[in-house]
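In: give me a model of this one.
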Amino acid sequence: MKLFEFAFCPNFEHNISTLASICPEKWSFGSNSDNVILKNYINHTFMKVYEDDRIICTDKYALFNTGLYTSFYEAIYAYFNLNKIADKQKWILDGFYTSYQLGMVGVQERPSRANYFTNPADLVFDTNCEIVPQYRHIFNDPENFLRIPEPIRESSNKSMLFDGAVKRARCMIDANYKTAVPQYYKGRIQLLVPICLLNENSPDLALVVSKNNLGNQYLGHTCLTLDMAYNNARLIARPDSNWLKP
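Out: Numbering: from 1, shown residues only. Here you go, the predicted structure:
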């Protein structure tokens, strides 16, 4: 279930702008001001709380926990009224409100936020494991391949260059475990590892890794652009990283 199937959202851009103003964080990439990160976050958070049955629906309103907080660490909720417009969704998005604001209109329920993991250890890179990139997928899949910088794509030594970038990433993780950033994708926790191909101090891609069935290696399945990686990582929490930023 997607948010726009669940509810009519006629003032979505305005509501998102309001949410961005009460939840101080950089919600756009680069110099843009489109709040695209926040829109992605809300849409995917809704799908997760719907899947986990964490949306409260009464005969008057619906409510879910966005997992976001104000600068005073007040939880923020998405609030829906019954939709009185014919031939539309049952609910209509009223806006995003704090616990205090909900109390002012007589709403007592407080649903829990989305939960993406059960074992906190999954969020931290196991430095006892090596990283084994799956080059068949990284280089042979057209979509993946085009994410790699052109000079590397055209190089006859691209696998060697990539190996060097993976080795450097391991050193970065050994120096600071926060370098490997957790992401949530298709029901599982994976880790994002910076891959510096053109400049050793500037990541070009994020390598997605997860442990094999034996738990003794990380397999590097695919590469993401940094924007894609940030969107996935932000579902769990704002990345505390010196390389993955909007």
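In: who touches the one helix or strand Pro182 maps to?
Out: Using DSSP states H and E, Pro182 sits in strand 181-185. Identification of contacts with strand 181-185 by C-beta atoms under 8 Å, 6 or more residues apart in numbering yields 116-117, 122-123, 189-192, 206, 208, 229, 232-233, 235-236, 239, 241, 244. Any C-beta I mention is one placed from the backbone N, CA and C, and that applies to glycine too.
In: the same query, at a cut-off of 10 Å, please.
Out: Outside strand 181-185, the residues that touch it by C-beta atoms under 10 Å, 6 or more residues apart in numbering are 44, 48, 114, 116-117, 120, 122-125, 189-194, 206, 208, 210, 221-222, 224, 228-237, 239-241, 243-244.
In: buried subset of those?
Out: Neighbour counting with 16 or more other C-beta atoms under 10 Å marks 44, 48, 114, 116, 122-123, 125, 189-194, 206, 208, 210, 221-222, 224, 228-236, 239, 241, 243-244 as buried within the contacts of strand 181-185.
In: which of the residues you listed fall within strands?
Out: Ile189, Gln190, Leu191, Leu192, Val193, Pro194, Ala206, Val208, Ser210, His221, Thr222, Leu224 (DSSP state E).
In: OK, contacts around the fourth one?
Out: Put plainly, it is Leu192. 179-183, 185, 203, 205-209, 223-224, 226, 228-230, 232-233, 239, 241, 243-244.
In: Gly67 contacts Leu38, doesn't it?
Out: No. Counting by C-beta atoms under 10 Å, Gly67 does not reach Leu38; the two are 11.8 Å apart.
In: so which helix or strand takes in the residue lying farthest from the centre of the chain?
Out: The centre of the chain is farthest from one residue, Ala86, which by C-alpha atoms, centre = their mean lies 34.8 Å away. Per DSSP H and E, Ala86 falls between elements, in no helix or strand.
In: check the one 3 residues further on too.
Out: Using DSSP H and E, Gln89 maps to neither a helix nor a strand.
In: tell me who's in contact with it.
Out: The contact partners of Gln89, by C-beta under 10 Å, 6+ apart, come to Leu3, Phe4, Glu5, Phe6, Ala7, Phe8, Cys9, Phe80, Asn83.
In: try 7 Å this time
Out: Glu5, Phe6, Ala7, Phe8, Asn83 (C-beta atoms under 7 Å, 6 or more residues apart in numbering).
In: ok, so of the residues you listed, who is nearest Trp91?
Out: Here the nearest of these to Trp91, counting by C-beta to C-beta, is Ala7; it sits at 4.0 Å.
In: that closest one touches Gly95, doesn't it?
Out: No. Judged on C-beta atoms under 7 Å, Ala7 makes no contact with Gly95 at a distance of 11.7 Å.
In: between the two, who's got more neighbours?
Out: Neighbour totals were compared for Ala7 and Gly95, and Ala7 leads with 22 against 15 (other C-beta atoms under 10 Å).
In: what bridges to that one?
Out: With DSSP bridges as the criterion, Ala7 is bridged to Trp91.
In: next one: it from Pro111, what distance?
Out: The gap separating Ala7 from Pro111 is 15 Å, by C-beta to C-beta, to the nearest Å.
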